[in-house]
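1. Just to be clear, the model below is a prediction. Sequence and coordinates:
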Protein chains: 2
Amino acid sequence: MNPTACILVIGNEILSGRTQDANIRFLATRLGELGIPVREVRIIPDVRETIVANIVELRARFDHLLTTGGIGPTHDDITSPCVAEAFGVPWEIHAESFAKLEAHMAPGSFNAARQRMAMLPRGATPIDNPVSVAPGFSIGNVHVMAGVPRIMQAMFETLAPSLRGGRPTVSASWHADRLLEGAIAAPLEAIQARFDAVEIGSYPYERETGRRGVSLVCKGHDPDTVHAAADAVRGLIDSLGFVPIAGEPR
Amino acid sequence: MNPTACILVIGNEILSGRTQDANIRFLATRLGELGIPVREVRIIPDVRETIVANIVELRARFDHLLTTGGIGPTHDDITSPCVAEAFGVPWEIHAESFAKLEAHMAPGSFNAARQRMAMLPRGATPIDNPVSVAPGFSIGNVHVMAGVPRIMQAMFETLAPSLRGGRPTVSASWHADRLLEGAIAAPLEAIQARFDAVEIGSYPYERETGRRGVSLVCKGHDPDTVHAAADAVRGLIDSLGFVPIAGEPR
């Protein structure tokens, strides 16, 4: 069995609609490539009890819990002390991170708020931040990253080699213009029943040009089985008189 | 107290990273305008037990639960029977929706898969779909909508007048180029402490031009208090020698 992941997005700005999340898709894609499929995503507000309760629950249910957001210097950045509380460990200055941040700051500017970014739950391992130095961290199976996409992505690539992965997800897709989901539902279900180790998804599309159709996506861990299912899907499209096109629609 | 909302996004394609979600931000923004702040978002896979368990849990915890995805004609569209199961009611043909769909389809094309889109949990009220006829529905405090953004948005606007709203969220923002979060954290926290009915968020930005700064967002339900907090934020930016600019950065 592949290990599983959950993404916990922490931030009022996503829940209010102010900010379009740009991290979920990146993490879901990269984790899938590592063979660690994302099984759930939650977006929660900057509220201490909510953050603590979610970390306690989700780290018990999934092999990896990845969080984004709430590790800056301002009053609404409370992820790090919440993780310490969830683990029942002190939240304290991490000497090495403190020294790195101090060296990075202009003389006289390393104030209390910035020093707070050098505080980690006891026992955490920092995740380097090549952009703005203030680290993320891992503790147990919880991996805490920044919310700013450029910083989050850099942190993830630092973290990735240390994650125990599984068999990568293999994907094969066919699509056809003018095809309608209602026309293929029954035979597609029969293909799904034949290939129970493959997940077959059916996604209607509509481009701005008005071009419409359906995209059929086969995903699994065994390349031979995934491609056999995709062959059956291609055959189905063909048998209905539509033109199967490999891959996803552009 | 304002009523609360939770959004439940149902779909493997979001969890795998195949598809960028385009519904959360729309719904969060519109619900905020109606005075129904979104307090949590979950993204879950097309798995029966998972969908049922989440509906049972979330409809008890929030005043409104809005779902997107999984109401088409194919085998991976299982939201509607899962809602019936969560409510403990039969899942059955809804006569009026059946008649509408039948009238909409080309003669001979209203097959079993398409008829399935006319099945609703007993007691549900359909939500009209002006785009492709197959309805969403409300049952109790659960509102079930399509995943295709254009259809979801049309369904939401049909649904919105029937939702019991609260005081709309009022927002006032200032930003300043070159300002750093670490420089304002302490005095900003003091402003937050003075205005405990206002939620003050601090969001660093970086534009593709390389222009950077911090955006400070005050949100609440009482316009006078929100604007008083925003005045204090503007004064803080000014006192540090930066130029306060009203609104969010472009």
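-> Cool, the structure landed.
2. Name the nearest residue to A:Ile43, sequence neighbours excluded.
-> B:Val41 (3.9 Å; C-beta to C-beta, 6 or more residues apart in numbering or on different chains). C-beta here means a position set from N, CA and C on the backbone, and glycine is covered the same way.
3. Next: A:Ala183.
-> A:Leu240 (6.4 Å).
4. A:Asn129 too?
-> Counting by C-beta to C-beta, 6+ apart, the residue nearest A:Asn129 is A:Pro135, at 5.3 Å.
5. residues of the longest helix anywhere in chain A that come out buried?
-> Secondary structure of chain A per DSSP state H: the longest helix is helix A:223-239. By neighbour count with 16 or more other C-beta atoms under 10 Å in any protein chain shown, helix A:223-239 contains the buried residues A:Thr225, A:Val226, A:Ala228, A:Ala229, A:Ala230, A:Ala232, A:Val233, A:Arg234, A:Leu236, A:Ile237.
6. Kindly report the same for stretch A:185-197.
-> For stretch A:185-197, by 16+ other C-beta under 10 Å, it's A:Ala185, A:Pro187, A:Leu188, A:Ile191, A:Gln192, A:Phe195.
7. measure the last one to A:Pro187 for me?
-> I take that to be A:Phe195. 13 Å (C-beta to C-beta, to the nearest Å).
8. which residues in chain A form strands?
-> A:5-10, A:38-44, A:64-68, A:91-93, A:119-121, A:125-127, A:136-139, A:142-145, A:170-177, A:199-206, A:212-220, A:245-246 (DSSP state E).
9. Most tightly packed of those?
-> strand A:64-68 (a mean of 28; mean count of other C-beta atoms under 10 Å in any protein chain shown).
10. Measure how it sits relative to strand A:5-10, angle-wise.
-> 20 degrees (axes from the mean of the first three to the mean of the last three C-alpha atoms, to 10 degrees).
11. wait, what's in contact with A:Ala176?
-> A:Ala176 is in contact with A:Gly213, A:Val214, A:Ile237, A:Phe242, A:Val243, A:Pro244, A:Ile245, counting by C-beta atoms under 8 Å, 6 or more residues apart in numbering or on different chains.
12. Contact partners for the residue nearest to the first one when sequence neighbours are not counted?
-> By that I understand A:Gly213. Leaving aside its sequence neighbours, A:Gly213 sits nearest to A:Asp177 (C-beta to C-beta, 6+ apart; 4.2 Å). By C-beta under 8 Å, 6+ apart, the contact set of A:Asp177 is A:Arg211, A:Arg212, A:Gly213, A:Phe242, A:Val243, A:Ile245, A:Pro249.
13. Closest to chain B out of those?
-> A:Arg212 (10.6 Å; C-beta to the nearest C-beta).
14. Which residues does that closest one form beta bridges with?
-> A:Glu206 (DSSP bridges).
15. so who does it touch?
-> With C-beta under 8 Å, 6+ apart, A:Arg212 has these contacts: A:Asp177, A:Arg178, A:Pro204, A:Tyr205, A:Glu206.
16. what residue lies at the spatial centre of chain A?
-> A:Leu27 (3.0 Å; C-alpha atoms, centre = their mean).
17. quick one: the closest residue to it other than its chain neighbours from B:Asn23, how far?
-> Distance criterion C-beta to C-beta, 6+ apart; nearest residue to A:Leu27, sequence neighbours excluded, is A:Ile7 at 5.5 Å. The gap separating A:Ile7 from B:Asn23 is 17 Å, by C-beta to C-beta.
18. cool, A:His221 as well?
-> 29 Å.
19. More neighbours: these two, which one.
-> Neighbours per residue (other C-beta atoms under 10 Å in any protein chain shown) separate A:His221 from B:Asn23, with B:Asn23 holding more: 23 against 17.
20. number of nearby residues for A:Asp128?
-> Neighbour count for A:Asp128, taken as other C-beta under 10 Å: 14.
21. Contacts only, for it.
-> Counted by C-beta under 8 Å, 6+ apart, A:Asp128 has contacts A:Pro135, A:Met155, A:Thr158.
22. starting at the chain centroid, how far to stretch A:81-89?
-> Relative to the chain's own centre, stretch A:81-89 is displaced by 22 Å; criterion: C-alpha atoms, centre = their mean, to the nearest Å.
23. pLDDT on it, on average?
-> The pLDDT scores in stretch A:81-89 average 98.
24. And the contacts of that stretch?
-> Against stretch A:81-89 from outside (C-beta under 8 Å, 6+ apart): A:48, A:51-52, A:55-56, A:59, A:67, A:70, A:90-91, A:119-124, A:139-140, A:142, A:144.
25. and stretch A:235-249, how far apart are its ends?
-> 18 Å (C-alpha to C-alpha, to the nearest Å).
26. Point out where chain A drops to low pLDDT.
-> Applying pLDDT under 70 to chain A picks out no residues at all.
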